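>>> Quick check, what structure comes out for this input:
(chains A and B)
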Amino acid sequence: MKALYADGTVKETEDELPVIRHTASHIMAQAVQRLYPGTKLAIGPAIDDGFYYDFDKEGGFSPEDLDAIEAEMKKIIKENLKLETYTLPRAEAIDYLRSRGEDYKVQLVEDLPEDAPISFYKQGEFVDLCAGPHALYTKAVKAFKLLSLAGAYWRGDEKNKMLSRIYGTAFESKEKLEAYLNMLEEAKKRDHRKLGKELGLFAIMEEGPGFPFFLPNGMVLKNTLIDYWRGLHTRENYYEISTPIILNQALWLRSGHWDHYKDNMYTTMIDDEVYCVKPMNCPGGMLVYKTEPRSYRDLPIRMGELGLVHRHEKSGTLHGLFRVRCFTQDDAHIFMRPDQVEQEIEGVVRLIDEVYSKFGFKYHVELSTRPEDSMGSDEDWENATNALINALTTMGLDYVVNEGDGAFYGPKIDFHLEDCLGRTWQCGTIQLDFQMPQRFELEYTGSDGEKHRPIMLHRVIFGSIERFIGILTEHYAGRFPVWLAPVQVRVLSVSEKSFDYASKVAAELKAAGIRMELDNSDNKIGYKIREAQLQKIPYMLVLGEKETADGTVVTVRTREGQDLGALKLEDFIAMVRQETADRV
RNA sequence: GCCGCCGUGGCUAAGGGGUAUAGCGAUGCCUUGGUAAGGCAUAGGUCGUGGGUUCGAUUCCCAUCGGCGGCUCCA
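Numbering: from 1, shown residues only, chains lettered A, B, ... in the order given. Take a look at the predicted model:
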């Protein structure tokens, strides 16, 4: 497709989707200004899966407005306006925008570097400050749809005015747009909040917004993940500890949390003293380290803790299990000598990769650097950040830098996983910390007989078990692999003639340690299969007169709809146990 | 927290100024049926909560709580 660039040239573009979408956003802005004169424009870029435009309109928009805007956009496309581009000198550009009342655009120009060319795009009566490129005619936007309305702060700063953002998407063809809309529908079916309810995994009640309840099936998932986690950590020579949920405020003053994290902390009074509900496990870990004198020979000490932390998150940010107010971190604190830092970081990176690979997750890595509100010397921060970079480089891991997003006590490597819509959520993290050991005066005796200060690593693999379960649910669309499935087998009797045999088989499965359910209801077999299918149970055993007569076989149906035929019960049990043991 | 939308029996929804409707589910009875929904019947709702307007509110208005989509923030 040919595109019009801001220097006036027309070139073939490789990447036409962003061009189409950006042009669609201009058409939307034009439609909005036709329908609602006086609406001011902020920014309107193409994004990964569509486009948006931020508007400043008195009273905002209603969902019905979207239909009207869409209709007007279709008219503009039909008018097939030609796009033109031109540049203006800075002062002239500002005057022009001011004359049109485009205050936000004026600000944008004022913030451009002195020598930057200031380009405009024009289609019909509509003009917008824009770097392009754009389609040549409005007709190039063949397939689009407006999707949602949202508030968005001007320049993403909550101190600024809240603007009205309209999201939409556009594609090269109607077919691709349809395919995308279908994908959104499919994604809704995988949403862990929906599946969590349908499969009886968890519930979040009005009585505790952001505080999830785990239901029996979800609890099996959680415990199974924890079993797996414990096995790995034993193999990797971790100890496990558990520290209290509520600790005296003095501890949090000492750790720096009170100064840097109190907005997220819950407090309570005990015997007239302030206590805090822990938002992190590290201070407790510090105290455990100090319970004994430590030698350089003891290091590294890898101290794991499945800690339940509580954090006050703003109400609008809560999101199923992805964003909650209390969650279990599969935490660990590693106390090391300076010469052990890199090997320990690498060990954790490998462990995270092992776990994520096990589930077939795609992930990306971010390096988060020093935030504004933080503690410690520049030198410590630089050393810590370099240590993380070195480890990443040595391991050949690609990463993006997330400036200023580190913890208040140190920089971190973050591992992000995708949900069903491709949104990413931070799960694993490795944080290097020189501050806590100083604040808590941690020591070990070196080979020289002198006291030295250890360096500490905070790390999680799952991150939050709750969030991880949410991701897992969407990743598998609720069809958990056998080893994780809350119910692995459901025994279905065809009629009451096989009730006894079904009960006997169920008892044997249970005795073999298989998670099973027995359906001896008087429903028809088709109905029972449907129920088991909707619960996404991996194996269904269909037991009727044939199996009863034989007395040793079970007929196996998988949730994929596959009929494995008649198997000896003992062979079926061996198979399920093997799959469970192999965690496949 | 902010902007917009939403809140009807266990679930999914329809409705709308005159105390409400369906499907699924539940329960009971009939049916004993071989790979995704057998039939009949019954029960279940102070329409999120609190105010207001009105002869009358679930419906309109205000507040509040909760949810959804974003923004900000973050595991």
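
>>> any idea of the pLDDT on the residue lying farthest from the centre of chain A?
Ranking residues of chain A by C-alpha distance from their mean position (Cα atoms, centre = their mean) puts A:Ala549 at the top, at 51.6 Å. At A:Ala549, the pLDDT value in this model is 95.

>>> Equivalent analysis for A:Thr424, please.
If you check A:Thr424, the pLDDT there is 89.

>>> repeat for A:Asp7
83.

>>> Tell me if it really is in a strand.
No. Secondary structure assignment places A:Asp7 outside any strand; it is coil (DSSP: H, G, I helix; E, B strand; the rest coil).

>>> Count the residues that sit near the residue nearest to A:Glu16 when sequence neighbours are not counted.
Nearest residue to A:Glu16, sequence neighbours excluded (Cβ to Cβ, 6 or more residues apart in numbering): A:Met1, at 4.2 Å. In short, each C-beta sits where N, CA and C put it, glycine included. For A:Met1, the tally of surrounding residues (other Cβ atoms under 10 Å) stands at 14.

>>> A:Lys139 versus A:Met1, what's the distance?
12 Å (Cβ to Cβ, to the nearest Å).

>>> three-state assignment of the residue farthest from the centre of chain A?
Per three-state DSSP, A:Ala549 ends up helix.

>>> For RNA strand B, see how far away it is.
According to Cβ to the nearest atom of the strand, to the nearest Å, A:Ala549 and RNA strand B sit 8 Å apart.

>>> cool, A:Asp65 as well?
9 Å.

>>> Same check on A:Val401?
14 Å.

>>> can you pull the contacts of the residue nearest to that residue when sequence neighbours are not counted?
Nearest residue to A:Val401, sequence neighbours excluded (Cβ to Cβ, 6+ apart): A:Leu367, at 5.1 Å. Going by Cβ atoms under 8 Å, 6 or more residues apart in numbering, A:Leu367 touches A:385, A:388-389, A:392, A:399-402, A:411-414.

>>> Neighbour count and pLDDT for those - can I get that in CSV?
Output for the contacts of A:Leu367, formatted as CSV (neighbours: other Cβ atoms under 10 Å; pLDDT from 0 to 100):
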residue, neighbour count, pLDDT
A:Thr385, 20, 94
A:Leu388, 26, 94
A:Ile389, 16, 94
A:Leu392, 19, 93
A:Tyr399, 17, 94
A:Val400, 12, 93
A:Val401, 12, 93
A:Asn402, 16, 91
A:Pro411, 27, 94
A:Lys412, 26, 95
A:Ile413, 25, 95
A:Asp414, 23, 95
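
>>> Now go through these and say which are in strands.
A:400-402, A:412-414 (DSSP state E).

>>> What is the nearest of those to A:Lys40?
Within the ones in strands among the contacts of A:Leu367, the smallest distance to A:Lys40 is 31.6 Å, found for A:Asn402 (Cβ to Cβ).

>>> The residue nearest to A:Val401: what secondary structure?
strand.

>>> Could you tell me how far it is located from RNA strand B?
13 Å.

>>> burial count for the residue of the stretch 151-300 of chain A found nearest RNA strand B?
Per Cβ to the nearest atom of the strand, A:Gly151 is where the stretch 151-300 of chain A lies closest to RNA strand B, at 2.5 Å. By the criterion of other Cβ under 10 Å, A:Gly151 has 11 neighbours.

>>> thought it was touching A:Asn160?
No. A:Gly151 is beyond contact range of A:Asn160, at 11.5 Å (criterion: Cβ atoms under 8 Å).

>>> Name the nearest residue to the residue of the stretch 151-300 of chain A closest to RNA strand B, ignoring sequence neighbours.
A:Met162 (4.7 Å).

>>> picking up where we left off before, pretty sure the residue of the stretch 151-300 of chain A closest to RNA strand B is in a helix, no?
No. Read with three-state DSSP, A:Gly151 is strand and lies in no helix.

>>> who does it bridge with?
Beta bridges link A:Gly151 to A:Ser164 when assigned by DSSP bridges.

>>> I'd like to know how far the residue most central in space within chain A sits from A:Leu17.
Centroid-nearest residue in chain A: A:Trp425, 2.0 Å away (criterion: Cα atoms, centre = their mean). Distance, A:Trp425 to A:Leu17, using Cβ to Cβ: 25 Å.

>>> residue boundaries of the helices in the stretch 1-150 of chain A?
Using DSSP state H, counting those that start in this stretch, the helices found in the stretch 1-150 of chain A span residues A:16-35, A:63-79, A:90-99, A:103-110.

>>> Can you pull the residues of the stretch 301-450 of chain A lying near RNA strand B?
A:311, A:313-320, A:322-325, A:327, A:329, A:371, A:405, A:407, A:414, A:421, A:423, A:425-427, A:429 (Cβ under 7 Å from any atom of the strand).

>>> same check, this time on the stretch 101-250 of chain A
A:148-153, A:156-158, A:162, A:164-165, A:167, A:191, A:193, A:197, A:204, A:206, A:209-210.
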